[in-house]
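J.: Just to be clear, the model below is a prediction. Sequence and coordinates:
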Amino acid sequence: MGRYAASAVILLTALLGVATPTAGAAPAQPRPVKHCAFTPTPDNPPAKPVRPPRATAPTKGSATTVLHTNYGTVVIRLDRSVAACAAHNFEHLVRNLFYHNTQCFRLTNSARLGVLQCGDIHRAEEGGPGYKFDDEVTGSETYPRGTVAMGNQGPGTNGSEFFIVHSHANISPVYSVFGHVVHGMDTLDRIVAAGITGDTQDGLPKRPVRIHWAFTLPV
């Protein structure tokens, strides 16, 4: 290779941010991942066409998901280091349009629990993705305002259901926390202000809450 050709390769490599190979360089370290078991649930087939995510989830970094609702926009920062499988699953469902044109069927607003529950396609706690996966909890989880966590119907039954804490949630640490709202808590406040059907503390939002579309951007 001539002197000018070699210089061009070095310059192009620098521009692309790719390291030039050097003799004796250490091999690239494998990307930190976690194995996730997404188990099919034949008795509860997918409410929308979707396959389980791949079985490996990245455990570093974050991603930003945008939910556009009829009340406004909610921006969620996903934390892969805390609940890698849950964050990976959420990204997968968003990417496959699972949450597009869906409704959030449960709103609570009591002294113990203040959450908006979404991700159930048919009605509250019905209509999942056709698979389940394990909890990712340490027993020290807390659920302050803005927390985004998986909803479930018992240990190891995570699927598409999730909840956003609009005030506080004094609940047992058995729900995997995979993100936090970084913009749009005023959207949650408007949902709460609209009330709950029957003027109760737990039930269907008085004015339907709809997720029109969602997308995730890697950070």
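T.: Cool, the structure landed.

J.: Near residue 112, how many residues? Count them for me, please.
T.: The local packing of residue 112 (other Cβ atoms under 10 Å) involves 11 other residues. C-betas here are computed from N, CA, C, even on glycine.

J.: contacting residues for the most centrally placed residue in the chain?
T.: Computing the C-alpha centroid of the chain and ranking residues by Cα atoms, centre = their mean puts residue 90 first, at 3.6 Å. Residue 90 is in contact with 65, 78, 162, 178, 179, 216, counting by Cβ atoms under 8 Å, 6 or more residues apart in numbering.

J.: give me the element it is part of.
T.: Here residue 90 sits within helix 84-95, counting by DSSP states H and E.

J.: List the buried residues in that helix.
T.: Buried residues in helix 84-95, defined by neighbour count with 16 or more other Cβ atoms under 10 Å: 84, 85, 86, 87, 88, 89, 90, 91, 92, 93, 94.

J.: Out of those, which is nearest to residue 50?
T.: residue 93 (6.7 Å; Cβ to Cβ).

J.: which stretches of this protein have low pLDDT?
T.: The model of the chain has pLDDT under 70 over residues 1-31, 218-219.

J.: for it, what spans make up the helices?
T.: With helices called from DSSP state H, the chain shows them at 3-16, 84-95, 185-194.

J.: any chance of the contacts of residue 90 in TSV, plus distance to residue 153 and neighbour count?
T.: Formatted as TSV, the contacts of residue 90 follow (distance: Cβ to Cβ, whole Å; neighbours: other Cβ atoms under 10 Å):
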residue	distance to residue 153	neighbour count
65	23	20
78	23	25
162	13	28
178	18	27
179	21	26
216	25	18
